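A.B. asks: Okay, here's the prediction I keep looking at, along with the sequence it came from:
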Amino acid sequence: MARLLLLIALLNFISCTNSDTNPQEEPDPVIENELYFPPINSTIWETTTPESLQWDTTNINDLYSFLSENGTRAFIVLKDGKIVIEKYWGSTILNTGNFTENSIWYWASAGKTITSFLVGIAQEEGYLNIENKTSDYLGNNWTNAPLEKENLITVKHQLTMTTGLDYTVEDPYCTTPTCLLYKADAGTQWLYHNAPYTLLDAVISNATQISYNQFTDEKLEQLTGMNGAWVQTGDNNVYFSTARDAARFGLLILNKGKWDTTQIMQDAAYYNAMVTTSQNLNPSYGYLWWLNGKSKVIYPGFSTAFNTSLAPDAPADLFAAMGKNGQFVDIVPSENLVVIRFGEALDDSLVPAEFHNELWQKLEAIKKKNFSV
């Protein structure tokens, strides 16, 4: 961990950069195929082939060209926990060599989903309650809102992007009280606002009385074999890891918080709420997870909804961790799929939805059954 933190500390120049479901409705169940879990503290990871799944590999080079041309560094597809596709392009983040399975990359806002998971762990262990007001953990005047308005904001509002704080401020990443201005009562507007999310790290640290990196290590990384780290970059707290670490996290979430025989997240109700619609304003958003298959979506930078699903050409039950420049951890429960994409993106958007959907167009062309096999 010390070596990893030393390496990542050099990277501070990076700036993190269908019908709707009821919030209580359970997500589609994982299909019954047995999941494989790679051993902890090992580079061993079993593989399978697209041909063995009867996928149509005639389109695979088209997918690779698309990924390469759009700045991709790492792309992994897991089926039933086993690696079906794993490919790397370009150079490391410091341009010191070729990008490989051991190369570190930033999650950007895809790391929000790790925070969501850890909030659930902290709650089930009794450190916090998401229904409590945020000031219980950050103290009064953590915003510049009138106290009676600040006290309306709960941890759950931070998880669902519904704090009511003003996203249109000059620096939406700024977490100091002078930047956190009242715009609407908590729960009455949905705006993709990074600063209130970032303060969830302090909520967890203050509630547990240990550092956020230590809590992540003890409650997630040690139990799954992940080996990443949170690094402060400006006002942001950004997670860095390998693509295989992201695949481990995706596999954990696919299996509803259970790693092999170890149930890491015990609270099934929290898990279900995390990956289903969390409020009525943006049905395509759970607890910091993006949800597919809904009738409308509000994208970052917008306050009104578009009458479309997150990724129309992807499976409807897909839910995703999504970050700037196209950092994706995609999960499809109905197919036992986990898809990881790390890299750059041409449009530099916070959530590159068009790129994400086009990726799934390419992938679906491969996943269709090849009956000539």
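C.D. replies: Everything's here; your move.
A.B. asks: Dig out what the residue nearest the centre of the chain forms beta bridges with.
C.D. replies: Residue closest to the average C-alpha location in the chain (CA atoms, centre = their mean): residue 321, at 2.6 Å. Under DSSP bridges, the beta-bridge partners of residue 321 are residue 329.
A.B. asks: In contact with it, which residues are there?
C.D. replies: Residues in contact with residue 321 (CB atoms under 8 Å, 6 or more residues apart in numbering) are 107, 110, 111, 112, 113, 250, 289, 290, 327, 328, 329, 330. Where you see a C-beta, it was placed from the backbone N, CA and C, and this is true even at glycine.
A.B. asks: Please apply the same query to residue 267.
C.D. replies: Contacts of residue 267 by CB under 8 Å, 6+ apart are 120, 123, 124.
A.B. asks: any chance you could map the strands in the protein?
C.D. replies: 72-79, 82-88, 105-106, 229-233, 236-241, 258-259, 262-263, 290-291, 319-323, 327-332, 337-343 (DSSP state E).
A.B. asks: which strands and helices sit next to the second one?
C.D. replies: Put plainly, it is strand 82-88. Packing partners of strand 82-88 (3 or more CB pairs under 8 Å, 6 or more residues apart in numbering; DSSP states H and E): helix 60-69, strand 72-79.
A.B. asks: repeat that with 10 Å
C.D. replies: If you count contacts as 3 or more CB pairs under 10 Å, 6 or more residues apart in numbering; DSSP states H and E, strand 82-88 packs onto helix 60-69, strand 72-79, helix 243-254, strand 337-343, helix 353-367.
A.B. asks: any idea of the mean pLDDT for the first one?
C.D. replies: I take that to be helix 60-69. Mean pLDDT, helix 60-69: 96.
A.B. asks: same check, this time on the last one
C.D. replies: For helix 353-367, mean pLDDT is 96.
A.B. asks: helices and strands around it, which ones?
C.D. replies: The contact analysis (3+ CB pairs under 10 Å, 6+ apart) places helix 353-367 against helix 60-69, strand 72-79, strand 82-88, strand 319-323, strand 327-332, strand 337-343.
A.B. asks: Next up, the contacts around residue 100.
C.D. replies: Each residue near residue 100 by CB atoms under 10 Å, 6 or more residues apart in numbering is listed here: 73, 74, 88, 92, 242, 243.
A.B. asks: repeat that for 8 Å
C.D. replies: Neighbouring residues of residue 100 by CB under 8 Å, 6+ apart: residue 88.
A.B. asks: so how far is residue 58 from the residue nearest to residue 191 when sequence neighbours are not counted?
C.D. replies: Excluding its sequence neighbours, the residue lying closest to residue 191 (CB to CB, 6 or more residues apart in numbering) is residue 167, at 4.0 Å. Separation of residue 167 from residue 58 (CB to CB, to the nearest Å) stands at 45 Å.
A.B. asks: And the two? Which one has more around it.
C.D. replies: The residue with more neighbours, out of residue 167 and residue 58, is residue 167; 22 against 11, by other CB atoms under 10 Å.
A.B. asks: my guess is that one contacts residue 193, does it?
C.D. replies: Yes: the criterion here is CB atoms under 8 Å, and residue 167 meets it with residue 193 at 4.4 Å.
A.B. asks: can you list residues touching both of the two?
C.D. replies: Overlap of the contact sets of residue 167 and residue 193 (by CB under 8 Å, 6+ apart) is empty.
A.B. asks: mind listing the helices for the stretch 51-200 of the chain?
C.D. replies: Listed in chain order, the helices of the stretch 51-200 of the chain (DSSP state H, counting those that start in this stretch) span residues 60-69, 112-124, 135-138, 147-150, 155-160, 194-208.
A.B. asks: Of all those helices, which one is nearest residue 308?
C.D. replies: helix 155-160 (20.4 Å; CB to CB).
A.B. asks: pLDDT on the closest one, on average?
C.D. replies: Averaging pLDDT along helix 155-160 yields 98.
A.B. asks: buried stuff in it?
C.D. replies: 155, 156, 157, 158, 159, 160 (16 or more other CB atoms under 10 Å).
A.B. asks: And the third one, how far from residue 130?
C.D. replies: I take that to be residue 157. Distance, residue 157 to residue 130, by CB to CB: 9 Å.
A.B. asks: overlap in contacts of the two?
C.D. replies: By CB under 8 Å, 6+ apart, no residue touches both residue 157 and residue 130.
A.B. asks: Quick check: pLDDT value at the residue nearest to residue 136 when sequence neighbours are not counted.
C.D. replies: Nearest non-adjacent residue to residue 136, counting by CB to CB, 6+ apart: residue 128, 8.0 Å away. At residue 128, the model reports a pLDDT of 98.
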